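In: below: sequence and its predicted model.
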Amino acid sequence: MNLIDRYISAVAQQLPEIRRNDITRELKANILDRLENLALEQGRATTAEDESAVLRELGHPCKVAAGFMPPQQLVSAEWFPLFKQCLTYGIIFIFVLQLIGFGIALTSMGKLNIVGFLFGFFQSSLLMFASVTGAFYLLSNLPATDKISPYSCWKPEQLPPLQQSWQKIKTLDSASDFATHVFLLLILQRDLWIPSESLTQLPLQFGPAMQPWIMPLTIWASVFILFNVWNLRFSFWTQSKLVFNIAMNLFGSVAAFLLISVPDKIILVEKAHNPFNNATLEHLNLWILLGIGGFCLFEVLRSGYRIYLLKNT
Amino acid sequence: MSEEQLDKLRQELRRGVLVLAVLGSLKQAHYGYSLRKQLQDAGIDIDEGTLYPLIRRLADQGLLDSEWQQGDGRERRYYQLSSIGNTLLASLTSEWQSLNSNIAKLLGV
(Lines give C-alpha, C1' and ligand atoms only; values in the text may rest on other atoms or scores of the structure.)
Protein backbone atom coordinates (compact mmCIF):
# COMPACT_ATOMS: atom_id res chain seq x y z
CA MET A 1 0.00 0.00 0.00
CA ASN A 2 1.65 3.24 -1.11
CA LEU A 3 1.66 6.52 0.82
CA ILE A 4 -1.23 8.02 -1.13
CA ASP A 5 -3.47 5.02 -0.54
CA ARG A 6 -2.59 5.06 3.16
CA TYR A 7 -3.45 8.76 3.28
CA ILE A 8 -6.74 8.30 1.42
CA SER A 9 -7.62 5.41 3.73
CA ALA A 10 -6.92 7.58 6.80
CA VAL A 11 -9.16 10.36 5.44
CA ALA A 12 -11.87 7.80 4.58
CA GLN A 13 -11.97 6.56 8.17
CA GLN A 14 -13.04 10.04 9.31
CA LEU A 15 -15.86 10.41 6.77
CA PRO A 16 -19.45 9.15 6.97
CA GLU A 17 -19.90 6.02 4.91
CA ILE A 18 -22.47 7.59 2.62
CA ARG A 19 -20.00 10.19 1.29
CA ARG A 20 -16.75 8.29 1.78
CA ASN A 21 -16.18 6.85 -1.73
CA ASP A 22 -17.18 9.99 -3.55
CA ILE A 23 -14.91 12.30 -1.57
CA THR A 24 -11.86 10.03 -1.46
CA ARG A 25 -12.14 9.24 -5.18
CA GLU A 26 -11.98 12.95 -5.98
CA LEU A 27 -9.29 13.64 -3.39
CA LYS A 28 -7.09 10.96 -4.87
CA ALA A 29 -7.57 12.39 -8.36
CA ASN A 30 -6.54 15.83 -7.06
CA ILE A 31 -3.43 14.46 -5.35
CA LEU A 32 -2.38 12.59 -8.52
CA ASP A 33 -2.87 15.79 -10.55
CA ARG A 34 -0.69 17.65 -8.10
CA LEU A 35 2.08 15.02 -8.32
CA GLU A 36 1.85 14.95 -12.10
CA ASN A 37 2.33 18.69 -12.20
CA LEU A 38 5.27 18.44 -9.79
CA ALA A 39 6.92 15.86 -12.07
CA LEU A 40 6.51 18.21 -15.03
CA GLU A 41 8.04 21.11 -13.11
CA GLN A 42 10.99 19.06 -11.90
CA GLY A 43 11.51 17.16 -15.17
CA ARG A 44 11.67 13.82 -13.38
CA ALA A 45 9.38 11.22 -11.85
CA THR A 46 8.22 11.98 -8.32
CA THR A 47 9.69 10.06 -5.41
CA ALA A 48 8.22 8.85 -2.13
CA GLU A 49 9.67 12.00 -0.47
CA ASP A 50 7.79 14.19 -2.96
CA GLU A 51 4.58 12.31 -2.20
CA SER A 52 5.16 12.74 1.52
CA ALA A 53 5.76 16.50 1.10
CA VAL A 54 2.60 16.94 -0.99
CA LEU A 55 0.50 15.04 1.55
CA ARG A 56 1.96 17.00 4.46
CA GLU A 57 1.12 20.22 2.65
CA LEU A 58 -2.42 19.00 2.12
CA GLY A 59 -2.81 18.53 5.88
CA HIS A 60 -3.51 15.88 8.50
CA PRO A 61 -6.19 13.38 7.35
CA CYS A 62 -8.48 14.39 10.23
CA LYS A 63 -8.24 18.06 9.26
CA VAL A 64 -8.84 17.33 5.58
CA ALA A 65 -11.84 15.11 6.38
CA ALA A 66 -13.25 17.76 8.73
CA GLY A 67 -13.12 20.28 5.87
CA PHE A 68 -15.60 18.15 3.91
CA MET A 69 -18.03 17.83 6.80
CA PRO A 70 -20.63 20.47 7.70
CA PRO A 71 -19.37 22.50 10.67
CA GLN A 72 -20.65 21.06 13.95
CA GLN A 73 -20.23 22.61 17.37
CA LEU A 74 -20.81 21.28 20.84
CA VAL A 75 -22.39 24.62 21.79
CA SER A 76 -22.90 27.36 19.20
CA ALA A 77 -21.65 30.90 19.77
CA GLU A 78 -25.29 32.09 19.98
CA TRP A 79 -26.14 29.69 22.81
CA PHE A 80 -22.80 29.95 24.61
CA PRO A 81 -23.62 32.86 26.99
CA LEU A 82 -26.78 31.06 28.15
CA PHE A 83 -24.84 27.78 28.42
CA LYS A 84 -22.29 29.44 30.73
CA GLN A 85 -25.10 30.98 32.78
CA CYS A 86 -26.83 27.60 33.17
CA LEU A 87 -23.58 25.97 34.27
CA THR A 88 -23.03 28.71 36.85
CA TYR A 89 -26.59 28.39 38.22
CA GLY A 90 -26.27 24.60 38.13
CA ILE A 91 -23.03 24.51 40.09
CA ILE A 92 -24.39 26.96 42.67
CA PHE A 93 -27.63 25.00 43.00
CA ILE A 94 -25.72 21.76 43.57
CA PHE A 95 -23.39 23.42 46.06
CA VAL A 96 -26.34 24.78 48.02
CA LEU A 97 -28.11 21.40 48.00
CA GLN A 98 -24.96 19.59 49.15
CA LEU A 99 -24.32 22.21 51.82
CA ILE A 100 -27.85 21.88 53.17
CA GLY A 101 -27.50 18.08 53.18
CA PHE A 102 -24.18 18.40 54.96
CA GLY A 103 -25.70 20.78 57.52
CA ILE A 104 -28.67 18.49 58.15
CA ALA A 105 -26.37 15.47 58.70
CA LEU A 106 -24.23 17.54 61.02
CA THR A 107 -27.03 18.94 63.15
CA SER A 108 -29.28 15.86 63.25
CA MET A 109 -26.69 13.10 63.62
CA GLY A 110 -23.51 14.95 64.53
CA LYS A 111 -21.83 13.53 61.38
CA LEU A 112 -19.01 15.70 60.00
CA ASN A 113 -18.65 13.99 56.61
CA ILE A 114 -16.46 16.41 54.63
CA VAL A 115 -15.22 13.75 52.17
CA GLY A 116 -18.83 12.72 51.49
CA PHE A 117 -19.74 16.36 50.91
CA LEU A 118 -16.87 16.90 48.43
CA PHE A 119 -17.51 13.59 46.64
CA GLY A 120 -21.26 14.28 46.37
CA PHE A 121 -20.56 17.79 45.06
CA PHE A 122 -18.06 16.49 42.48
CA GLN A 123 -20.34 13.64 41.32
CA SER A 124 -23.44 15.83 41.03
CA SER A 125 -21.47 18.57 39.25
CA LEU A 126 -20.24 16.11 36.62
CA LEU A 127 -23.77 14.85 36.04
CA MET A 128 -25.10 18.40 35.81
CA PHE A 129 -22.29 19.40 33.38
CA ALA A 130 -23.02 16.41 31.12
CA SER A 131 -26.79 17.04 31.15
CA VAL A 132 -26.53 20.78 30.48
CA THR A 133 -23.93 20.28 27.73
CA GLY A 134 -26.07 17.56 26.12
CA ALA A 135 -29.14 19.81 26.13
CA PHE A 136 -27.21 22.71 24.58
CA TYR A 137 -25.62 20.39 22.00
CA LEU A 138 -29.11 19.45 20.83
CA LEU A 139 -30.23 23.10 20.76
CA SER A 140 -27.09 24.16 18.86
CA ASN A 141 -27.40 21.45 16.22
CA LEU A 142 -31.11 21.55 15.43
CA PRO A 143 -31.97 21.23 11.73
CA ALA A 144 -32.06 24.63 9.99
CA THR A 145 -35.86 24.45 9.69
CA ASP A 146 -36.33 23.98 13.47
CA LYS A 147 -33.72 26.50 14.62
CA ILE A 148 -34.69 28.50 17.68
CA SER A 149 -32.92 31.50 19.07
CA PRO A 150 -32.47 32.20 22.79
CA TYR A 151 -32.80 35.93 22.09
CA SER A 152 -35.98 36.02 20.01
CA CYS A 153 -38.26 37.36 22.80
CA TRP A 154 -36.86 40.43 24.47
CA LYS A 155 -37.68 44.09 24.82
CA PRO A 156 -35.31 46.96 25.63
CA GLU A 157 -37.79 47.97 28.36
CA GLN A 158 -37.04 44.70 30.19
CA LEU A 159 -33.34 45.47 30.58
CA PRO A 160 -32.31 46.25 34.19
CA PRO A 161 -31.85 49.94 34.98
CA LEU A 162 -28.18 49.69 35.94
CA GLN A 163 -26.42 53.00 36.35
CA GLN A 164 -23.38 51.68 38.18
CA SER A 165 -21.47 48.41 38.03
CA TRP A 166 -22.04 47.56 41.73
CA GLN A 167 -25.81 47.44 41.09
CA LYS A 168 -25.40 44.00 39.51
CA ILE A 169 -25.92 41.38 42.25
CA LYS A 170 -23.57 38.46 41.74
CA THR A 171 -25.32 35.10 41.47
CA LEU A 172 -22.83 33.62 43.91
CA ASP A 173 -23.68 36.29 46.54
CA SER A 174 -27.42 35.66 46.28
CA ALA A 175 -26.92 31.90 46.33
CA SER A 176 -24.60 31.93 49.36
CA ASP A 177 -27.04 34.21 51.22
CA PHE A 178 -29.87 31.85 50.26
CA ALA A 179 -27.94 28.80 51.55
CA THR A 180 -27.05 30.58 54.81
CA HIS A 181 -30.65 31.55 55.53
CA VAL A 182 -32.03 28.13 54.62
CA PHE A 183 -29.47 26.58 56.95
CA LEU A 184 -30.45 28.99 59.75
CA LEU A 185 -34.12 28.21 59.20
CA LEU A 186 -33.44 24.47 59.38
CA ILE A 187 -31.59 24.89 62.67
CA LEU A 188 -34.28 27.14 64.16
CA GLN A 189 -37.11 24.82 63.12
CA ARG A 190 -35.38 21.50 63.61
CA ASP A 191 -38.34 20.26 65.68
CA LEU A 192 -40.22 20.07 62.38
CA TRP A 193 -37.83 17.73 60.53
CA ILE A 194 -35.87 15.79 63.16
CA PRO A 195 -37.77 12.94 64.83
CA SER A 196 -38.46 13.69 68.54
CA GLU A 197 -36.48 10.64 69.73
CA SER A 198 -33.40 11.86 67.79
CA LEU A 199 -33.99 15.43 68.96
CA THR A 200 -33.38 14.55 72.60
CA GLN A 201 -30.12 12.83 71.64
CA LEU A 202 -28.62 15.95 70.05
CA PRO A 203 -25.52 17.26 71.85
CA LEU A 204 -26.66 20.91 71.54
CA GLN A 205 -30.10 22.21 72.62
CA PHE A 206 -31.67 25.67 72.68
CA GLY A 207 -31.91 27.01 76.24
CA PRO A 208 -35.25 28.27 77.71
CA ALA A 209 -34.15 31.91 77.33
CA MET A 210 -33.76 31.35 73.59
CA GLN A 211 -37.36 30.17 73.04
CA PRO A 212 -38.99 33.65 72.59
CA TRP A 213 -36.41 34.41 69.88
CA ILE A 214 -37.10 31.40 67.70
CA MET A 215 -40.30 32.62 66.01
CA PRO A 216 -39.07 36.18 65.18
CA LEU A 217 -35.81 34.76 63.82
CA THR A 218 -37.74 32.16 61.80
CA ILE A 219 -39.86 34.89 60.20
CA TRP A 220 -36.74 36.98 59.57
CA ALA A 221 -34.90 34.06 57.89
CA SER A 222 -37.99 33.14 55.80
CA VAL A 223 -38.42 36.69 54.53
CA PHE A 224 -34.71 36.84 53.75
CA ILE A 225 -34.98 33.59 51.75
CA LEU A 226 -37.77 35.08 49.65
CA PHE A 227 -35.67 38.22 49.19
CA ASN A 228 -32.69 36.08 48.04
CA VAL A 229 -34.89 34.24 45.54
CA TRP A 230 -36.15 37.60 44.26
CA ASN A 231 -32.52 38.75 43.89
CA LEU A 232 -31.66 35.60 41.95
CA ARG A 233 -34.49 36.37 39.52
CA PHE A 234 -33.90 40.15 39.30
CA SER A 235 -30.21 40.42 40.06
CA PHE A 236 -29.71 44.16 40.43
CA TRP A 237 -29.97 46.66 43.28
CA THR A 238 -32.63 49.34 43.19
CA GLN A 239 -33.30 51.97 45.81
CA SER A 240 -36.31 50.10 47.20
CA LYS A 241 -34.33 46.86 47.42
CA LEU A 242 -31.53 48.66 49.25
CA VAL A 243 -34.02 50.11 51.75
CA PHE A 244 -35.43 46.64 52.34
CA ASN A 245 -31.90 45.25 52.73
CA ILE A 246 -31.18 47.92 55.36
CA ALA A 247 -34.32 47.01 57.31
CA MET A 248 -33.52 43.28 57.22
CA ASN A 249 -29.90 43.67 58.20
CA LEU A 250 -30.71 46.19 60.91
CA PHE A 251 -33.02 43.63 62.46
CA GLY A 252 -30.29 40.98 62.12
CA SER A 253 -27.68 43.21 63.67
CA VAL A 254 -29.88 44.29 66.64
CA ALA A 255 -30.97 40.68 67.22
CA ALA A 256 -27.37 39.41 67.19
CA PHE A 257 -26.17 42.08 69.64
CA LEU A 258 -29.16 41.54 71.94
CA LEU A 259 -28.65 37.78 71.89
CA ILE A 260 -25.15 38.23 73.28
CA SER A 261 -26.65 39.20 76.65
CA VAL A 262 -29.15 36.30 76.68
CA PRO A 263 -27.80 33.61 79.02
CA ASP A 264 -27.70 29.90 78.12
CA LYS A 265 -28.81 30.36 74.50
CA ILE A 266 -27.44 26.97 73.57
CA ILE A 267 -26.97 24.27 76.16
CA LEU A 268 -24.51 21.46 75.88
CA VAL A 269 -25.94 18.07 76.76
CA GLU A 270 -23.20 16.30 78.73
CA LYS A 271 -21.64 13.45 76.83
CA ALA A 272 -18.46 11.58 77.61
CA HIS A 273 -16.86 12.12 74.19
CA ASN A 274 -17.81 15.80 73.86
CA PRO A 275 -14.71 18.04 73.62
CA PHE A 276 -16.67 21.25 74.52
CA ASN A 277 -17.99 22.61 77.81
CA ASN A 278 -20.61 25.30 78.39
CA ALA A 279 -18.01 28.01 79.05
CA THR A 280 -16.26 27.31 75.72
CA LEU A 281 -19.62 27.28 73.99
CA GLU A 282 -20.60 30.67 75.46
CA HIS A 283 -17.26 32.07 74.33
CA LEU A 284 -17.78 30.68 70.82
CA ASN A 285 -21.33 32.05 70.75
CA LEU A 286 -20.09 35.51 71.70
CA TRP A 287 -17.66 35.68 68.77
CA ILE A 288 -20.14 34.21 66.28
CA LEU A 289 -22.84 36.71 67.30
CA LEU A 290 -20.36 39.61 67.24
CA GLY A 291 -19.36 38.51 63.72
CA ILE A 292 -22.97 38.24 62.52
CA GLY A 293 -23.97 41.54 64.15
CA GLY A 294 -20.92 43.30 62.72
CA PHE A 295 -21.52 41.93 59.22
CA CYS A 296 -25.21 42.95 59.26
CA LEU A 297 -24.19 46.43 60.44
CA PHE A 298 -21.66 46.63 57.59
CA GLU A 299 -24.46 45.68 55.14
CA VAL A 300 -26.67 48.44 56.62
CA LEU A 301 -23.94 51.05 56.17
CA ARG A 302 -23.01 49.85 52.69
CA SER A 303 -26.62 49.86 51.50
CA GLY A 304 -27.05 53.37 52.95
CA TYR A 305 -23.97 54.56 51.07
CA ARG A 306 -25.27 52.95 47.88
CA ILE A 307 -28.59 54.77 48.23
CA TYR A 308 -26.59 57.98 48.57
CA LEU A 309 -24.66 57.08 45.39
CA LEU A 310 -27.85 56.32 43.48
CA LYS A 311 -29.44 59.62 44.50
CA ASN A 312 -26.38 61.68 43.61
CA THR A 313 -25.55 60.29 40.15
CA MET B 1 0.01 45.60 14.37
CA SER B 2 1.70 42.20 14.41
CA GLU B 3 2.13 40.00 11.34
CA GLU B 4 -0.21 37.48 12.98
CA GLN B 5 -3.02 40.04 13.37
CA LEU B 6 -2.61 41.19 9.78
CA ASP B 7 -2.70 37.60 8.56
CA LYS B 8 -5.90 36.89 10.51
CA LEU B 9 -7.65 39.99 9.16
CA ARG B 10 -6.45 39.24 5.63
CA GLN B 11 -7.92 35.75 5.86
CA GLU B 12 -11.25 37.13 7.10
CA LEU B 13 -11.32 39.61 4.24
CA ARG B 14 -10.57 36.92 1.65
CA ARG B 15 -13.00 34.31 2.99
CA GLY B 16 -16.16 35.75 1.46
CA VAL B 17 -14.45 36.84 -1.74
CA LEU B 18 -13.15 33.31 -2.42
CA VAL B 19 -16.65 32.07 -3.21
CA LEU B 20 -16.99 34.80 -5.81
CA ALA B 21 -13.57 33.96 -7.28
CA VAL B 22 -14.40 30.25 -7.49
CA LEU B 23 -17.81 30.84 -9.05
CA GLY B 24 -16.26 33.29 -11.52
CA SER B 25 -13.58 30.77 -12.50
CA LEU B 26 -16.09 28.01 -13.04
CA LYS B 27 -17.80 29.70 -15.97
CA GLN B 28 -15.53 27.22 -17.78
CA ALA B 29 -15.30 23.62 -16.64
CA HIS B 30 -12.39 22.79 -14.34
CA TYR B 31 -11.26 19.89 -12.21
CA GLY B 32 -9.94 20.60 -8.70
CA TYR B 33 -6.27 21.02 -9.48
CA SER B 34 -6.79 23.02 -12.71
CA LEU B 35 -9.11 25.38 -10.84
CA ARG B 36 -6.47 25.95 -8.18
CA LYS B 37 -3.90 26.70 -10.89
CA GLN B 38 -6.25 29.16 -12.56
CA LEU B 39 -6.86 30.97 -9.27
CA GLN B 40 -3.12 31.04 -8.54
CA ASP B 41 -2.39 32.45 -11.98
CA ALA B 42 -4.95 35.19 -11.24
CA GLY B 43 -3.07 36.01 -8.02
CA ILE B 44 -5.47 34.25 -5.63
CA ASP B 45 -3.59 31.68 -3.64
CA ILE B 46 -5.86 29.22 -1.89
CA ASP B 47 -4.74 26.03 -0.20
CA GLU B 48 -6.18 22.73 -1.30
CA GLY B 49 -7.61 21.96 2.13
CA THR B 50 -9.89 24.99 1.71
CA LEU B 51 -10.59 24.84 -2.01
CA TYR B 52 -11.73 21.24 -2.43
CA PRO B 53 -14.31 21.29 0.40
CA LEU B 54 -15.52 24.69 -0.86
CA ILE B 55 -16.16 23.32 -4.38
CA ARG B 56 -18.10 20.40 -2.96
CA ARG B 57 -20.15 22.68 -0.71
CA LEU B 58 -21.07 24.88 -3.68
CA ALA B 59 -21.96 21.75 -5.67
CA ASP B 60 -24.11 20.45 -2.80
CA GLN B 61 -25.95 23.78 -2.84
CA GLY B 62 -26.76 23.25 -6.50
CA LEU B 63 -24.58 26.12 -7.74
CA LEU B 64 -22.24 23.81 -9.67
CA ASP B 65 -22.78 20.84 -11.96
CA SER B 66 -20.19 18.10 -11.84
CA GLU B 67 -19.20 15.21 -14.04
CA TRP B 68 -16.50 12.53 -13.95
CA GLN B 69 -14.44 12.42 -17.16
CA GLN B 70 -11.56 10.26 -18.35
CA GLY B 71 -8.43 12.09 -19.52
CA ASP B 72 -4.71 11.27 -19.76
CA GLY B 73 -5.43 7.76 -18.52
CA ARG B 74 -7.03 9.03 -15.32
CA GLU B 75 -10.41 10.14 -14.16
CA ARG B 76 -11.14 13.66 -13.02
CA ARG B 77 -14.21 15.36 -11.69
CA TYR B 78 -15.06 18.46 -13.67
CA TYR B 79 -17.13 21.29 -12.21
CA GLN B 80 -18.99 24.07 -13.98
CA LEU B 81 -21.53 26.71 -13.00
CA SER B 82 -25.11 25.44 -13.04
CA SER B 83 -27.96 27.66 -14.20
CA ILE B 84 -28.72 28.58 -10.55
CA GLY B 85 -25.02 29.29 -10.06
CA ASN B 86 -25.00 31.56 -13.13
CA THR B 87 -27.92 33.61 -11.81
CA LEU B 88 -26.33 33.83 -8.37
CA LEU B 89 -22.97 34.85 -9.83
CA ALA B 90 -24.62 37.74 -11.69
CA SER B 91 -26.22 38.98 -8.47
CA LEU B 92 -23.03 38.54 -6.48
CA THR B 93 -21.00 40.34 -9.16
CA SER B 94 -23.24 43.40 -9.03
CA GLU B 95 -23.11 43.28 -5.20
CA TRP B 96 -19.32 43.07 -5.38
CA GLN B 97 -19.11 46.06 -7.74
CA SER B 98 -21.37 48.16 -5.55
CA LEU B 99 -19.48 47.19 -2.38
CA ASN B 100 -16.15 47.80 -4.07
CA SER B 101 -17.05 51.29 -5.25
CA ASN B 102 -18.53 52.24 -1.86
CA ILE B 103 -15.52 51.01 0.06
CA ALA B 104 -13.17 52.69 -2.41
CA LYS B 105 -14.90 55.98 -1.59
CA LEU B 106 -14.44 55.36 2.14
CA LEU B 107 -10.79 54.41 1.69
CA GLY B 108 -10.15 57.34 -0.63
CA VAL B 109 -8.53 55.16 -3.31
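Out: Received it, and whenever you're ready, just let me know what you need.
In: which non-adjacent residue is nearest residue 33?
Out: Using chain A. By the measure of C-beta to C-beta, 6 or more residues apart in numbering or on different chains, the closest residue to residue A:33 outside its immediate chain neighbours is residue B:33, 3.6 Å from it. From N, CA and C alone the C-beta is placed, and that goes for glycine too.
In: pull the number of nearby residues for the one you found.
Out: 21 (other C-beta atoms under 10 Å in any protein chain shown).
In: which SSE is immediately downstream of the helix or strand it falls within?
Out: With secondary structure defined by DSSP states H and E, residue B:33 is part of helix B:32-41. Going down the chain from helix B:32-41, the next helix or strand is helix B:48-60, by DSSP H and E.
In: near chain B, which residues of chain A are found?
Out: If contacts are counted using C-beta under 8 Å from any C-beta of the partner chain, the residues of chain A sitting beside chain B are A:23, A:25-27, A:29-30, A:32-34, A:36-37, A:57-59, A:63-64, A:67-68.
In: still on that earlier bit, show me the contacts for the residue nearest to residue A:33.
Out: With contacts defined as C-beta atoms under 8 Å, 6 or more residues apart in numbering or on different chains, residue B:33 is in contact with A:30, A:33, A:34, A:37.
In: pretty sure the second one sits against residue B:76.
Out: I take that to be residue A:33. Yes. Shown here, residue A:33 and residue B:76 form a contact pair, counting by C-beta atoms under 8 Å, at 7.1 Å.
In: need phi/psi at the residue in the stretch 201-313 of chain A that chain B sits nearest to.
Out: With C-beta to the nearest C-beta as the measure, residue A:235 is the residue of the stretch 201-313 of chain A nearest to chain B, at 35.9 Å. Per-residue torsions, residue A:235: phi -90, psi 60 (degrees, to the nearest 10).
In: please name the nearest non-neighbouring residue to it.
Out: In this structure, residue A:235 finds its nearest non-sequential neighbour in residue A:169, 4.4 Å apart by C-beta to C-beta, 6+ apart.
In: pLDDT score assigned to the one you found?
Out: pLDDT recorded at residue A:169 is 92.
In: what residue in chain A is the furthest from its centre?
Out: Computed with C-alpha atoms, centre = their mean, the residue of chain A farthest from its C-alpha average is residue A:43, at 64.8 Å.
In: next, that residue: phi, psi?
Out: Comment: the main-chain dihedrals of residue A:43 come out as phi 70, psi 30, following degrees, to the nearest 10.
In: and the helix or strand where residue A:138 lies, what does it pack onto?
Out: Residue A:138 is part of helix A:114-140 when elements are defined by DSSP H and E. Packed against helix A:114-140, as judged by 3 or more C-beta pairs under 8 Å, 6 or more residues apart in numbering or on different chains; DSSP states H and E, are the following elements: helix A:80-109.
In: run the angle between the helix it packs on and helix A:114-140 for me.
Out: Using axes from the mean of the first three to the mean of the last three C-alpha atoms, to 10 degrees, the interaxial angle of helix A:80-109 with respect to helix A:114-140 works out to 150 degrees.
In: which elements pack onto helix A:80-109?
Out: Contacts of helix A:80-109 with other secondary structure elements, assessed using 3+ C-beta pairs under 8 Å, 6+ apart, are made with helix A:114-140, helix A:171-188, helix A:190-193.
In: got the buried residues for that helix?
Out: Residues of helix A:80-109 classed as buried: A:83, A:86-87, A:90-92, A:94-96, A:98-99, A:102-104, A:107-108 (neighbour count, 16 or more other C-beta atoms under 10 Å in any protein chain shown).
In: how about low-confidence regions in the stretch 101-250 of chain A?
Out: Counting by pLDDT under 70, the ranges of the stretch 101-250 of chain A that qualify are A:107-111.
In: closest residue of it to chain B?
Out: Of all residues in the stretch 101-250 of chain A, the one sitting closest to chain B is residue A:144 (12.6 Å; C-beta to the nearest C-beta).
In: so how far is the biggest helix by length in chain A off the chain centroid?
Out: With secondary structure taken from DSSP state H, chain A has its longest helix at helix A:278-311. Using C-alpha atoms, centre = their mean, to the nearest Å, we find the averaged C-alpha position of helix A:278-311 to lie 27 Å away from the chain's own average C-alpha position.
In: tilt between that helix and helix A:171-188?
Out: On the basis of the same axes, to 10 degrees, helix A:278-311 is oriented at 140 degrees to helix A:171-188.
In: what is helix A:278-311 packed up against?
Out: helix A:239-260, strand A:266-268.
In: enumerate the residues of chain B near chain A.
Out: Among all residues of chain B, those adjacent to chain A (criterion: C-beta under 8 Å from any C-beta) are B:31-34, B:37, B:47-50, B:52-53, B:56, B:72, B:74-77.
In: give the ChimeraX command for selecting the buried subset of these.
Out: The buried subset of the residues of chain B next to chain A, as determined by 16+ other C-beta under 10 Å, is captured in ChimeraX by this line:
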select /B:31,32,33,34,48,49,50,52,53,56,76,77
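In: from residue A:7, how far off is the residue nearest to residue A:33?
Out: In this structure, residue B:33 and residue A:7 are 16 Å apart, going by C-beta to C-beta, to the nearest Å.
In: again with residue A:192
Out: For residue A:192, the distance to residue A:7 under the criterion C-beta to C-beta works out to 71 Å.
In: before we move on, what about residue A:313?
Out: Applying C-beta to C-beta, the value for residue A:313 to residue A:7 is 66 Å.
In: higher neighbour count, these two?
Out: residue A:7 (23 against 7).
In: which ones are touching the more buried one?
Out: Taking C-beta under 8 Å, 6+ apart as the contact definition, residue A:7 lies against A:31, A:55, A:58, A:61.
In: quick check: mean pLDDT of the host helix or strand of it?
Out: When elements are assigned from DSSP H and E, residue A:7 belongs to helix A:3-13. Averaging pLDDT along helix A:3-13 gives 93.
In: show me what counts as buried in the helix or strand following it.
Out: Per DSSP H and E, helix A:3-13 leads on to helix A:17-42 as the next helix or strand towards the C-terminus. If you call a residue buried by 16+ other C-beta under 10 Å, then helix A:17-42 has these buried ones: A:20, A:23-24, A:26-35, A:37-38.
In: if I look at residue B:73, how far off is chain A?
Out: Using C-beta to the nearest C-beta, to the nearest Å, residue B:73 is found at 10 Å from chain A.
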